[in-house]
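1. Model the structure of this input:
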Amino acid sequence: MRRVLAGFVAVQWATVLALALVVRHAGWIYYQGGDQLWLYTSGWLLGHGHLTQTRVGYGWPAYLAPIARIAGANLVSALPVIVLVNVLVLLPASLLSLYGIARRIGGRLFGYWAVVVWIALPFFGILYTNEGYHQKYTELSLPQLFGLTAMADMPTAAFALVSAYFFAKVLFDDQPALVDAVAAGTAAGVAIAIKPATSLFLVGPALALAYRRRIPQAAAAVAGIAPAVITLAVWKERGLGQLPALARSGVAGLAAVQPLAALPFSKYLHQLNWPQFRGNLGLIQEHFWSVRLLEWVVLAGVIALARRSRTAAILVGAWFFAFAIVKGSFVGASVEDSSLLRLMIPAFPALVLLVAGLPFLLPGVPRRARVEPPAWAGPAPRTRWALIGAVVLLSAVVPLAAFAAASTGPGPDVTTVGQEIMPIPANIDIGLTATRSGRTVSLAWRKQTPLGGPVFFRIWRSPTDTLTCSTGTGGSICNVTMPEVGTTHADEFVDRPKPGRWVYRVAVAANWLNSAEYGDPYLVSRAVTVTVP
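-> Predicted structure coming up:
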């Protein structure tokens with residue numbers, strides 16, 4: 001069995017490598033999505049002992065903090081480490097967890113079959129798209145699914161899948177161990193810490209536990225989740241000055257006693273839109289081969305799993321539909337820009353299990369599936385408890401101490417740009433100098449060669465420095481709005497402004513096409529001032 005699973009891991013690595021080489025990219029830079037700037041900037045600040053507006057979960061910034069402390073303010077420098085951890089660690093962990101869930105549902109052969117579907121289904125989707133959507137699916141969606149970016153969607157899905165594996169042990173084992181329930185909650189807590197909206201997947205385990213009347217195990221799972229959720233609440237209140245869900249009621253000070261308020265329930269409950277859901281179904285029909293076939297696969301998959309195990313149908317079906325309904329009707333998610341596909345990544349394992357379960361529709365197949373005892377019983381209980389303690393220490397206790405010690409006052413500057421909301425490091429010393437000769441201004445800076453790939457530069461100029469910083473509740477954040485006068489891939493730029501006093505800043509930018517026509521700035525330099533007679 002171990003050799004077979006090792007072979008599957010090797011096959012998945014090979015397929016991801018093939019995709020990474022084929023789709024357009026610039027070095028280690030693939031299409032990101034935007035949130036990577038929030039995540040990395042938050043991690044970079046935390047690595048320097050500071051917090052800013054904490055509008056994202058703490059799990060990924062806490063992981064990125066030591067990387068950013070070494071790699072520096074430019075995310076591109078840290079991309080190789082981030083991608084390698086995603087692909088070499090989190091992807092195999094996801095595959096093995098999926099196998100563990102499937103083996104408990106239908107036996108070892110069903111587990112192997114589910115892994116085959118896991119590896120093949122994303123690439124089958126390439127054939128399922130129409131010609132006009134092919135590029136978006138391959139360049140915007142698949143790199144996200146396989147962890148080729150600094151986004152949090154794939155990592156949170158990996159920990160949700162690990163959690164679901166331990167929930168499956170609790171649900172299907174004849175004598176469920178309490179340590180497995182705590183492990184399920186601990187892994188779920190990590191997934192929620194990385195991306196709070198991933199808590200939607202817990203609808204499946206919660207209903208399945210209620211159906212099997214595993215009340216003590218459910219309580220143990222809640223206890224496992226609690227440390228991460230409490231830490232998340234502290235993160236939110238320290239960075240925002242309040243808990244978002246309690247802000248409207250004026251009771252923001254209740255963070256310590258109501259940590260669940262840190263979860264984004266209100267965000268989704270107030271932004272669910274049934275016409276949006278129907279519109280996304282219409283876009284699937286437009287951009288994919290058939291929406292009806294997809295609907296049939298999902299519903300038939302639930303029925304097929306129910307023929308084998310009602311518990312499995314509840315666990316997997318509720319997991320998938322919680323995401324499909326909430327994300328599909330969320331006003332900020334659309335198939336058109338592929339954002340919905342990215343937001344559905346934590347539900348992808350559930351879709352795989354639904355597809356893999358379709359053979360159970362055939363007469364006699366559910367009865368023939370045999371679930372054998374595992375070949376390896378796993379570590380001793382004491383070792384399991386020690387591992388859970390280590391995960392809680394690294395994912396909740398250490399971050400909590402870091403958040404408590406971090407400053408929300410003056411520190412390294414971060415700024416938004418114009419009307420954008422993504423913060424990036426500001427006032428970074430890249431060696432920017434300005435030399436005037438007559439009415440010609442020559443700008444120069446140190447050559448930027450980050451390990452992750454090529455960058456280019458946006459040159460900004462204005463009569464005054466428009467970088468303004470506000471200090472309110474939570475972490476401080478700045479804003480800069482300066483007209484762009486040019487872009488370059490070189491480490492110098494020549495400008496010929498009108499007479500007057502001019503302030504220049506250079507923004508370091510990058511994108512998966514290495515094109516100056518696209519791409520968000522990743523950091524902003526210090527300002528230099530020149531007076532042109």
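2. Excluding sequence neighbours, find me the nearest residue to residue 49.
-> residue 406 (5.5 Å; Cβ to Cβ, 6 or more residues apart in numbering). The C-beta positions use only the backbone N, C-alpha and C, and glycine is treated the same way.
3. Could I get the full set of helices for the stretch 101-250 of the chain?
-> 108-128, 134-135, 142-145, 153-172, 178-194, 203-212, 215-240, 244-247 (DSSP state H, counting those that start in this stretch).
4. closest to residue 294 out of the ones you listed?
-> Proximity to residue 294, assessed across the helices of the stretch 101-250 of the chain by Cβ to Cβ, is greatest for helix 108-128 (8.6 Å).
5. Throw the helices of the stretch 101-250 of the chain into a markdown table and include distance to residue 75 and mean pLDDT, thanks.
-> Putting those into a markdown table (distance: least, Cβ to Cβ, whole Å; pLDDT from 0 to 100) gives the following:
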| stretch | distance to residue 75 | mean pLDDT |
| --- | --- | --- |
| helix 108-128 | 25 | 94 |
| helix 134-135 | 24 | 89 |
| helix 142-145 | 15 | 95 |
| helix 153-172 | 15 | 96 |
| helix 178-194 | 17 | 96 |
| helix 203-212 | 33 | 96 |
| helix 215-240 | 19 | 93 |
| helix 244-247 | 26 | 54 |
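6. Can you tell me which of those helices is nearest to residue 47?
-> Taking Cβ to Cβ, helix 215-240 is the member of these nearest to residue 47, at 14.9 Å.
7. That closest one - contacts with which helices or strands?
-> Under the contact definition 3 or more Cβ pairs under 8 Å, 6 or more residues apart in numbering; DSSP states H and E, helix 215-240 sits against helix 153-172, helix 178-194, helix 203-212, helix 398-405.
8. helices and strands around the first one, which ones?
-> I take that to be helix 153-172. Contacts defined by 3+ Cβ pairs under 8 Å, 6+ apart place helix 153-172 against helix 59-71, helix 91-106, helix 142-145, helix 178-194, helix 203-212, helix 215-240, helix 310-328, helix 348-356.
9. Name the stretch among the ones you listed that sits most buried.
-> helix 178-194 (a mean of 27; mean count of other Cβ atoms under 10 Å).
10. With only the CA atoms kept, save that helix in CSV.
-> Extracted in CSV, the C-alpha atoms of helix 178-194 (Å, rounded to 0.1, in the frame of the first residue of the first chain):
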residue,chain,number,x,y,z
LEU,A,178,-11.0,10.8,21.5
VAL,A,179,-7.6,11.8,20.3
ASP,A,180,-8.8,11.6,16.7
ALA,A,181,-11.7,13.9,17.4
VAL,A,182,-9.3,16.5,19.0
ALA,A,183,-6.9,16.1,16.0
ALA,A,184,-9.9,16.7,13.6
GLY,A,185,-10.7,19.9,15.5
THR,A,186,-7.1,21.0,15.7
ALA,A,187,-6.6,20.6,11.9
ALA,A,188,-9.9,22.4,11.3
GLY,A,189,-8.7,25.2,13.5
VAL,A,190,-5.6,25.6,11.4
ALA,A,191,-7.7,25.7,8.3
ILE,A,192,-9.9,28.4,9.8
ALA,A,193,-6.9,30.4,11.0
ILE,A,194,-5.6,30.4,7.4
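11. Quick check: which ranges of the stretch 1-150 of the chain have low pLDDT?
-> Applying pLDDT under 70 to the stretch 1-150 of the chain flags no residue at all.
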